[in-house]
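Enquirer: next comes the sequence, and after it the predicted model I'd like to discuss.
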Amino acid sequence: MQRTKILLIYTGGTIGMMQNPETNSLLPFDFSQIVTHVPELQRFDYEIESISFESPVDSSDVNQELWLKLVEIIGEHYDTCEGFVILHGTDTMAYTASALSFMLENLDKSVILTGSQLPIGVLRTDGKENIITSIEIAASKRFGKSVVPEVCVYFENNLYRGNRVTKSSTEGFNAFQSNNYPPLATVGVHINFNYSHINYSKQNRHLKIYKKLNNQVAILKLFPGISLEVLNALFNIENLRAVVLETFGAGNAPSNSLFLDTIKKAIKKRIIILNVTQCKSGSVNMGQYDTSRELLNIGVLSGFDITAEAAVTKLMHLLGEKENISDIIYELKNSISGELTINTYQ
Ligand code: ASP
């Protein structure tokens, strides 16, 4: 019988970093360091094939090209591998996980991103457990099918839906939070899958890979006293297509007419404004307060409980793939791969 095959893809990140003796800073090293430091990988009953990016990167250098490379590798190995584990820096892991969740439609295999806070060569590393358990989960089957057919992030005993996480700690091993969606699995002595929260609706369909991304987008985090010059400078950028507006509380923003007129003008120029909350958890609810009612009236869209990471990558994906603005707006108001929960108020 053929052994289960898992593809391990190394993109870079702390997990594979070493100290540069000249500068004392951490920089990514080649993949052989990881395999040497995790001899346990050879004890798996599965076949583990590995691919390393030629020049591994600190994830602050991640861009659309890296996402494209990842979906192409997954596409090429989709029929021969049962699951995929991507080793990636934690800093932008939430963006990559979100982007992949939109670029890979009808997944029926696990794509799990993981990494570590301490390099794999350090005695107290958290990387070993993260890699080993990610592989174990990626290979898990139920009724002959992948248990978690989604793009996920595994970190410190929790498996999360990838487009729901945010990096929340630079220090703790528990580096990610998914405040608006429960973990898909929790890991202790046993791996406990949260079946009712895993999306099985795309199973038995053909994988479709989307490769077009448009980066004419911006994130604007509001703060009390934000100046009109800043707003105008942003909204006057030529070719700007969409802005993720990070608002206060349940989607609130200044109610003065100068602010609202600037947003109104931007919408008239067909710039999409997507309202997401600055809060760590909860949802936008435009209309609950007077300070958000007018946003709704002028055509600002609700991001509901989406993270800023998922919002910006969803926009890049939709603007890349779709011509028609009403198709884009329709998709923004709905969930593509479990990235938002539509509340009943809007
Ligand atoms: N700067 C590193 C990166 O994101 C941090 C990490 O991997 O945890 O690549």
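Expert: Cool, the structure landed. As the structure is a prediction and not an experimental result, all values here were calculated from the model.

Enquirer: report how many residues lie close to whichever residue of the stretch 101-250 of the chain sits closest to the ligand.
Expert: Scanning the stretch 101-250 of the chain for the residue nearest the ligand gives G115, at 4.9 Å (criterion: CB to the nearest ligand atom). The way it works is simple: take the backbone N, C-alpha and C, and place the C-beta from them, glycine included. By the other CB atoms under 10 Å criterion, the neighbourhood of G115 contains 28 residues.

Enquirer: which element is E331 on?
Expert: Taking DSSP states H and E as the criterion, E331 maps to helix 325-332.

Enquirer: check K128 too.
Expert: When elements are assigned from DSSP H and E, K128 belongs to helix 127-138.

Enquirer: that helix: how far from the chain's middle?
Expert: 19 Å (CA atoms, centre = their mean, to the nearest Å).

Enquirer: so what strands line up beside the helix or strand just after that helix?
Expert: Sequence order places strand 141-142 as the next helix or strand after helix 127-138, per DSSP H and E. Next to strand 141-142 in the sheet, as set by DSSP bridges, lie strand 145-146 (antiparallel).

Enquirer: residues in contact with the helix or strand just after the partner strand?
Expert: For strand 145-146, the succeeding helix or strand toward the C-terminus, using DSSP H and E, is strand 151-155. Residues outside strand 151-155 that contact it (CB atoms under 8 Å, 6 or more residues apart in numbering): 90, 93-94, 97, 100-101, 104, 107, 110-115, 130, 133-134, 137, 159-163, 165, 173-176, 184, 337.

Enquirer: for strand 151-155, list the C-alpha coordinates in PDB.
Expert: Output of strand 151-155 as PDB, limited to C-alpha atoms (Å, rounded to 0.1, in the frame of the first residue of the first chain):
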ATOM      1  CA  VAL A 151      -5.900  26.600   4.900                       C
ATOM      2  CA  CYS A 152      -5.000  26.700   8.600                       C
ATOM      3  CA  VAL A 153      -2.400  28.100  11.000                       C
ATOM      4  CA  TYR A 154      -1.000  25.700  13.700                       C
ATOM      5  CA  PHE A 155       0.700  27.200  16.700                       C
END
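
Enquirer: distance between it and the chain's centre?
Expert: That offset, for strand 151-155, works out to 9 Å (CA atoms, centre = their mean).
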